[in-house]
Each structure stands twice: as structure tokens, then as C-alpha cells.
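> Structure of the sequence below:
(one chain, ligands or ions: 1)
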Amino acid sequence: MKIFSGIKPSGIIHLGNYIGALRQWVILQDAHECLFCIVDLHALTVRVDPALLRRLTLETAATYIACGLDAKKSVLFIQSHVPPHAELAWILNTLAKISELKLMHQFKEKSKSNPENINAGLFDYPVLMAADILLYDATHVPVGQDQQQHIELARELARRFNSIYGKTFVVPEGMIPPRGAKIMALDNPAKKMEKTGSIGGYIALTDTPDVIRKKIKSAVTDSGSDVLFDEKKKPALSNLITIYHLLSGLSIPAIEKEYQGKGYGQFKKGLSDVTIDFLKPIQQKFSECMGDPGALLRILEKGACAARAQADKKMQKVKENIGLIA
Ligand code: AQP
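Now for the predicted structure:
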């Protein structure tokens, strides 16, 4: 398998990003050829302060490493350091249909939450994402559930290009984890946990123990007091139990047994302890990485060089097949 995935530096990486995406990446890098990107061009689709974007880009890279990505096993790089991403996106734009882009849930949601800035980049985001993936002949793309529709589009664009211009791209598969593919917001279990959501909705990987306790204490729960996993009847609690399960490694029945008759308060205290313990080594490593930005930038430069070599080769083939003089 050849793996590609990325996270956009639109905020601080949260437990949903970790559980849905990063956690899989760390496992996959041991057995597969992997490229992991900080997709900074995607972050521009929402108005962002330049200094903040620079900081979040480095923080995202530091978080990748803190969570266990290893530059010796994976290629780690910043999207904008490899210009073929934008170049291929342009070419794929000539194949993508307005009608199919209009169907994208993320575009509809982001347009609703940012009505003052529904820009063309936001509309075109899935095409850039298709270019990210197709440039590297990725066979598999580990992502959370919210990205499934974008992966479908990437598959469709690969097939369309291949059928018009001859076999050029690998048709990639999404890899959606069986559990934790959609972690919900703590303050609104009907909404996905997101970096740009309300602050009480997400646990950032850099949140302090006090903040974590406060957020979990205020997390919305369902009626009743039994700690039971039931996504239909107890969606809020089931979301919290999923987090507990994936961070602690304890099975869901074992968690239910542990908190039988103890009520939501005890469970939330336990979940806070599990989360704080889980994040402690990640936060230590994150601080080390951020304390040596030179080393971080060297890793990213080396990664960009390796990615660029692959991307240039693919662009050469794309240009030849499409009739551009390469
Ligand atoms: N709540 C979630 N549960 C599980 N997986 C999630 N992912 C995002 N939210 C959850 C996965 O994390 C990766 C992040 O990709 P991204 O940053 O490029 O885009 P996103 O999906 O738009 O992430 P956010 O956190 O929701 O950011 P904002 O607020 O900026 O839009 C993807 O693999 C995604 O599926």
C-alpha cells in the first residue's frame, strides 16, 4: 500500500483529528510507504492571519511528530513547498464539474458558517485534495468519515482522467477507521468535533489538564445516569465512551462494567484522567519539537525534497498525456 494523508493547519489538532486520522497514520508508517502533509493551501480557504497560519503550520508538524510520526519512516512535508499540488489541481479543475462540487457537504457547511467569505477556493477545495492524493499514486488515504465524499471525488477524477487521457493515476481507496471515524463535539453531540468549532466542543492535543477537566465536566450528556454505549439512545455518552475506549485501550464492555452504578460524574472524572495521561507524553514531545524550530524545518525541507521528486515525475507524465509540452 502507498499512503497519503494530511491535516490543514486551521487550528490546533484535536482528539477527533487524532482518533480519526493521525492514530492510523502512526500504525501504517511501520509497514507501508507513507507521505503525510500539512495542507497549508487548504487552510487559506478561510480568512487567516498570516502570522497565525505560520505558527499553526509549524505546530501541526510538531504535533505529527509528537503523536509518533517518524521522519525516518514517513515523508513529512508542507503542501505549499511542493508547487505541483496547485498545478495538478488546475488541470483537474478542467475535469471536475461544477454540479458535482456543489454536492460537497463540507462546502455547504463551511458556506453556512462563513457566509461572508464563500470563496472559489472553498468551492474548489476537494479538487486540490484530489491533486494532493493523485500526485503520489497513493493507493490508500486514511481519513475520518467527513472526508469520505472528497475521496469519492478524487476516485472519480482519477477514473475520468484515465479514461480520457490514458492510464495516468492510481484510483485511491479511503481508509475510514471502524471506530472513531466521526468524533462528535463535546458541547453538541449532533455536530462533528472540529478545529474551528466552539472552544468547548473540542479537546486540543495541547489543552492543559485543567482545561481538559473543565471541558469534559461540561460535556453534554444524555438523560438517565447509566454509563452505557448506545449510539441511538445515548449518542452523547457513546461519543465519550468511544474516546475513552480508543485512548485507554479498554474495551467498551469493560468500560461499562467499570462504571456500572457510578453515574456520569465518576465516568467523566475517569475520562479526564485517561485523556490527561494519554496526552502527557504527546505534549512533552510537542514542546521539545516547538523548542527547536530549526530541526523541525530541516525535517520538513527534506520531506519536501523527497515529495517534490515524486510529484515532478508524475506531473511530467500528466503533461505528456494531456498534450502540454513538458
Ligand atoms: N471529529 C472528527 N472525528 C474523526 N476524524 C476527524 N477528522 C476531522 N474531524 C474529525 C479527520 O481529521 C483529518 C483532518 O483533516 P483537515 O484538517 O484537513 O480537515 P477537517 O476534516 O475539516 O478537520 P476539522 O478538524 O473539522 O477542521 P476545520 O474546523 O478547519 O474544518 C481528516 O482526516 C478528517 O477526516
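
> Which residues of the chain lie near the ligand?
7-8, 10-11, 16-17, 19-21, 39, 42, 143-144, 146-147, 181-183, 192-196 (C-beta under 6 Å from any ligand atom). Glycine gets a C-beta too; all of them are placed from N, C-alpha and C.

> Count residues in the vicinity of the residue lying closest to residue 186 once chain neighbours are set aside, would you?
If the residues on either side of it in the chain are set aside, residue 186 comes closest to residue 219, at 4.0 Å by C-beta to C-beta, 6 or more residues apart in numbering. A count of neighbours around residue 219, defined by other C-beta atoms under 10 Å, yields 25.

> what helix or strand is residue 219 on?
Residue 219 belongs to no helix or strand when elements are defined using DSSP states H and E.

> Quick one: buried ones out of the residues of the chain next to the ligand?
7-8, 10-11, 16-17, 19-21, 39, 42, 143-144, 146-147, 181-183, 192-195 (16 or more other C-beta atoms under 10 Å).

> Just the ones of those in strands?
Residues of these located in strands (DSSP state E): 7, 192.

> any idea which residue of the chain is furthest from its center?
Distance from the C-alpha centroid of the chain, by C-alpha atoms, centre = their mean, peaks at residue 261 (36.4 Å).

> Please report the distance of it from residue 269.
As judged by C-beta to C-beta, to the nearest Å, residue 261 and residue 269 stand 15 Å apart.

> Looking at stretch 113-132 now, give me its mean pLDDT.
Averaged over stretch 113-132, pLDDT sits at 95.

> Show residues contacting it.
4, 6, 37, 39, 41-42, 44-47, 79, 84-86, 88-89, 91-93, 96, 101, 104, 106-107, 110-111, 147, 149-150, 153-154, 157-158, 196 (C-beta atoms under 8 Å, 6 or more residues apart in numbering).

> just the strands in the stretch 101-250 of the chain please.
For the stretch 101-250 of the chain, the strands defined by DSSP state E, counting those that start in this stretch cover 140-142, 173-175, 184-185, 188-192.

> by contact count, what packs against the first one?
What it means is strand 140-142. Helices and strands touching strand 140-142, by 3 or more C-beta pairs under 8 Å, 6 or more residues apart in numbering; DSSP states H and E, are strand 2-7, helix 23-28, strand 173-175.

> Any chance of JSON lines for the ones you listed, columns mean pLDDT and distance to residue 285?
Shown next, in JSON lines, are these (pLDDT from 0 to 100; distance: least, C-beta to C-beta, whole Å):
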{"stretch": "strand 2-7", "mean pLDDT": "98", "distance to residue 285": "17"}
{"stretch": "helix 23-28", "mean pLDDT": "98", "distance to residue 285": "12"}
{"stretch": "strand 173-175", "mean pLDDT": "97", "distance to residue 285": "25"}
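
> Could you identify which of the ones you listed is most buried?
Mean neighbour count (mean count of other C-beta atoms under 10 Å) peaks for strand 2-7 among those, with a mean of 22.

> CA atoms only for that strand - export them in PDB, please.
Output of strand 2-7 as PDB, limited to C-alpha atoms (Å, rounded to 0.1, in the frame of the first residue of the first chain):
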ATOM      1  CA  LYS A   2       1.100   3.600  -0.600                       C
ATOM      2  CA  ILE A   3      -0.400   6.000   1.900                       C
ATOM      3  CA  PHE A   4      -1.100   9.700   1.600                       C
ATOM      4  CA  SER A   5      -3.000  12.000   4.000                       C
ATOM      5  CA  GLY A   6      -2.900  15.400   5.500                       C
ATOM      6  CA  ILE A   7      -4.400  17.800   8.000                       C
END
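
> can you list contacts of it?
Strand 2-7 is contacted from outside by 13, 17, 21-22, 25, 28-29, 32-39, 42, 60, 64, 79, 132-133, 136-143, 170, 172, using C-beta under 8 Å, 6+ apart.

> can the helices and strands packed on strand 140-142 go into CSV with extra columns for distance to residue 162?
Listed next are the helices and strands packed on strand 140-142 as CSV, based on distance: least, C-beta to C-beta, whole Å:
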stretch, distance to residue 162
strand 2-7, 17
helix 23-28, 25
strand 173-175, 15
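
> Tell me the buried residues in the longest helix anywhere in the chain?
Longest helix of the chain, by residue count under DSSP state H: helix 293-322. Residues 296, 299-300, 303-304, 306-307, 310-311, 314-315, 318, 321-322 are the ones in helix 293-322 that count as buried (16+ other C-beta under 10 Å).

> Out of those, which comes closest to residue 71?
Within the buried residues of helix 293-322, the smallest distance to residue 71 is 4.6 Å, found for residue 299 (C-beta to C-beta).

> Please look at that closest one and residue 64 and confirm they touch.
No: counting by C-beta atoms under 8 Å, residue 299 stays clear of residue 64, with 9.5 Å between them.
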